[in-house]
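1. Fold the following for me, if possible:
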Amino acid sequence: MLIFINSLMLLVFVSSLTAQTNVGGDILDEIPLHPLPEEMTFEEYQDMNRRLSIGLALAATVPVPGIVHQYAGEKETAKKLFYISAGGFATFIVAAVTSDPGEPEWPESDYEIFYLNEGQDNERRFEKIPTGINGDTTYYKFNQIYKEESRGDGTLFVLGAATILGVYLYDTIHGLKMIHDKREAVRYKFGKDLKLSLRPSFDPFARKAGIGLQLYF
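-> I've put the predicted structure just below:
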């Protein structure tokens, strides 16, 4: 399941990078430098420039619980998710220890047991299953039973898997939402007071530089 999710997210990420390349050129180009409001903090600047595509890439390629929240600036949440996932992984270790089959044991039965060679290495056991009654005589069918390996019920495995998968999905979905919401919050906060927009441009091949000016009323 995780492999399918990772593959799907990686495909979305690659498609996103391809689209960015076609629209804006080399994706590794530096972002143009723009004037910033005096009151904007460095944290707000980081929030404004976080990318959903990078969050997707981290979720798809870096198997560290909480990595998307870490990138989103939610360090405390990332730490909690890491510890929760570590607890889920620990259940696998506990399950592996407790599910050790050890020596086979005779199973319990609701019927009377008939023994052959009791206590010996070639001991055999049979369930005496009543099949009918004739007067004072009871008729039985003898059903042989065999030793069984004792195993756990798998609860710890299911709990561990559910915990790890839950952390992964929460980190990815909620982490991407946090990136989006923080970007929107910063842009809304400073965009309301933005009356003048400058867009510098530079063409090294034509040896030209310019400034695009937009005035809002």
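2. Looking at the record's assignment, how would you partition the protein?
-> According to automatic domain parsing, the chain comprises the domains 2-99+152-215, 113-145.
3. Please point out the stretch among these with the lowest average pLDDT.
-> In terms of average pLDDT, domain 2-99+152-215 trails the rest of the domains of the chain, at a mean of 75.
4. Contacts only, for residue 82.
-> 64-66 (Cβ atoms under 8 Å, 6 or more residues apart in numbering). C-beta here means a position set from N, CA and C on the backbone, and glycine is covered the same way.
5. switch to 6 Å and redo it
-> Taking Cβ atoms under 6 Å, 6 or more residues apart in numbering as the contact definition, residue 82 lies against 65-66.
6. for residue 117, same thing?
-> Contact analysis of residue 117 by Cβ under 6 Å, 6+ apart lists residue 123.
7. secondary structure element for the residue lying closest to residue 74 once chain neighbours are set aside?
-> Using Cβ to Cβ, 6 or more residues apart in numbering and skipping the chain neighbours, the partner closest in space to residue 74 is residue 178 (5.9 Å). Assigning secondary structure by DSSP states H and E places residue 178 in helix 155-191.
8. list the buried ones in that helix?
-> 156-157, 159-161, 163-164, 167-168, 170-172, 174-176, 178-179, 182-183, 186 (16 or more other Cβ atoms under 10 Å).
9. Equivalent analysis for stretch 110-128, please.
-> Within stretch 110-128, the residues that qualify as buried are 125-127, counting by 16+ other Cβ under 10 Å.
10. Equivalent analysis for stretch 59-75, please.
-> 59-60, 65-72, 74.
11. Could you list which of these belong to helices?
-> Mapping those onto helices (DSSP state H) picks out 59-60, 67-71.
12. Tell me how far the closest residue to residue 189 other than its chain neighbours lies from residue 134.
-> The shortest distance from residue 189 to any non-neighbouring residue, by Cβ to Cβ, 6+ apart, is to residue 44 (7.7 Å). Distance, residue 44 to residue 134, using Cβ to Cβ, to the nearest Å: 92 Å.
13. Compare the two and say which is more crowded by neighbours.
-> residue 44 (18 against 7; other Cβ atoms under 10 Å).
14. which element is the more buried one on?
-> Here residue 44 is assigned to helix 42-49, by DSSP H and E.
15. top strand in this protein by residue count?
-> Using DSSP state E, we find that the single longest strand of the chain is strand 124-134.
16. who does that one touch, helix- and strand-wise?
-> The elements that strand 124-134 packs onto, with contact taken as 3 or more Cβ pairs under 6 Å, 6 or more residues apart in numbering; DSSP states H and E, are strand 112-116, strand 137-145.
17. Good, we can wrap up now.
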